[in-house]
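Chemist: got a structure for you, letters missing:
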């Protein structure tokens, strides 16, 4: 029986934000580093099972963004994707990371790609799991949702309807053949954090700012074409927000990427950890020397 890895749970100050994070301590000090960037409406706890499986072989680091999980933000924090990226960028610098692979899922894609365009020398490779960077990867419902503005009648109510227990659970179960394989702690823990004071207002602000991500897609695609990072794409094909064309779209800019589609929904790790974890391990093992940075 394989022993579980040692995992530490810490907080560090980044410009007044107390960033909570999980970090596995691998068996070898020079193990590859994988920065895990979580999605909505979750936090670093969404990676707890992946960390248990891979944390002995790799240094896995998963922070909570401002407005999510156990991270504590000042009352006047401005909830935009630029600011989330600012904090995660500062977090990376605080930990002294200089070369790592990055796992981007859902909100993790707009956070991660902002960091990548600012610091291409940091990125050794990408694991993309239902993290969209193409208009082809937006469903009709996602296009309508991301087009909402504060001035529209009923727009905030539409967003807040997604922040209920029913809405959170639906994000886990939609597109899943057998919802019985998903642990109910997943959506109930997410909802616990969503229900904390100020958290729903933060999510409303981020929802209204999501259109800034769509506007940035061409910049991110240009970065992919210029730097052509090694990439592993694992995708829940039945995602109601980011359907399978979003996965295939990456191949236009990263023709050598590995692409795997799974018959599941948005939170693919919940149902297909046993399939995805070995793919990640093989991918990390094949990456070039993490200490070598590309030209900027």
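Modeler: Perfect, I can see it now. The structure presented is a predicted model; accordingly, all values stated were derived computationally and were not measured.
Chemist: neighbouring contacts of stretch 228-236?
Modeler: In this structure, residues lying in contact with stretch 228-236 by CB atoms under 8 Å, 6 or more residues apart in numbering are 116, 123-130, 175, 244, 246-247, 250, 253-254, 256-262, 264-268, 271-272, 276, 279-280, 283, 286-288. Quick note: C-beta positions are derived from backbone N, CA and C, even for glycine.
Chemist: buried ones in that stretch?
Modeler: 229, 230, 231, 232, 233, 234, 235, 236 (16 or more other CB atoms under 10 Å).
Chemist: could you give the bridge partners of the third one?
Modeler: What it means is residue 231. On DSSP bridges, the residues paired with residue 231 through beta bridges are residue 126.
Chemist: quick one: it from residue 159, how far?
Modeler: Applying CB to CB, to the nearest Å, the value for residue 231 to residue 159 is 31 Å.
Chemist: do the same with the fifth one
Modeler: When CB to CB is applied, the distance between residue 233 and residue 159 equals 28 Å.
Chemist: tabulate the buried residues of stretch 228-236 (TSV), appending pLDDT and distance to residue 98.
Modeler: Formatted as TSV, the entries for those read as follows, by pLDDT from 0 to 100; distance: CB to CB, whole Å:
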residue	pLDDT	distance to residue 98
229	98	15
230	98	17
231	98	20
232	98	21
233	98	25
234	98	26
235	98	29
236	98	32
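Chemist: got JSON lines for these, with distance to residue 10 too?
Modeler: Rendered in JSON lines, the data for the buried residues of stretch 228-236 read as follows (distance: CB to CB, whole Å):
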{"residue": "229", "distance to residue 10": "28"}
{"residue": "230", "distance to residue 10": "29"}
{"residue": "231", "distance to residue 10": "29"}
{"residue": "232", "distance to residue 10": "28"}
{"residue": "233", "distance to residue 10": "31"}
{"residue": "234", "distance to residue 10": "28"}
{"residue": "235", "distance to residue 10": "31"}
{"residue": "236", "distance to residue 10": "30"}
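Chemist: all strands for this structure, in order.
Modeler: With strands called from DSSP state E, the chain shows them at 6-14, 17-25, 33-37, 59-63, 100-105, 123-129, 231-236, 258-262.
Chemist: just send these back as a markdown table, with distance to residue 74 too.
Modeler: Compiled in a markdown table, the strands of the chain are given as follows (distance: least, CB to CB, whole Å):
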| stretch | distance to residue 74 |
| --- | --- |
| strand 6-14 | 11 |
| strand 17-25 | 7 |
| strand 33-37 | 22 |
| strand 59-63 | 17 |
| strand 100-105 | 26 |
| strand 123-129 | 29 |
| strand 231-236 | 35 |
| strand 258-262 | 39 |
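Chemist: what angle do strand 33-37 and the lengthiest helix in the chain make with each other?
Modeler: Among all segments of the chain classified by DSSP state H, the helix with the greatest residue count is helix 268-286. Relative orientation of helix 268-286 and strand 33-37, computed by axes from the mean of the first three to the mean of the last three CA atoms, to 10 degrees: 160 degrees.
Chemist: name the residues that touch helix 268-286?
Modeler: Applying CB under 8 Å, 6+ apart, the external contacts of helix 268-286 come out as 32, 34, 46-47, 49-50, 53-54, 57-58, 101, 103, 125, 127, 129-130, 172, 176, 181-183, 186, 230, 232, 234-236, 258, 260, 262, 264-265.
Chemist: what's the angle between that helix and strand 123-129?
Modeler: 150 degrees.
Chemist: could you check helix 268-286 and say which residues are buried?
Modeler: Taking 16+ other CB under 10 Å as the basis for neighbour counts, the residues of helix 268-286 that come out buried are 268, 269, 270, 271, 272, 276, 277, 279, 280, 283, 284.
Chemist: any idea of the mean pLDDT for that helix?
Modeler: Average pLDDT, helix 268-286: 97.
Chemist: off-centre distance for it?
Modeler: Its chain's C-alpha centre and that of helix 268-286 lie 15 Å apart, by CA atoms, centre = their mean, to the nearest Å.
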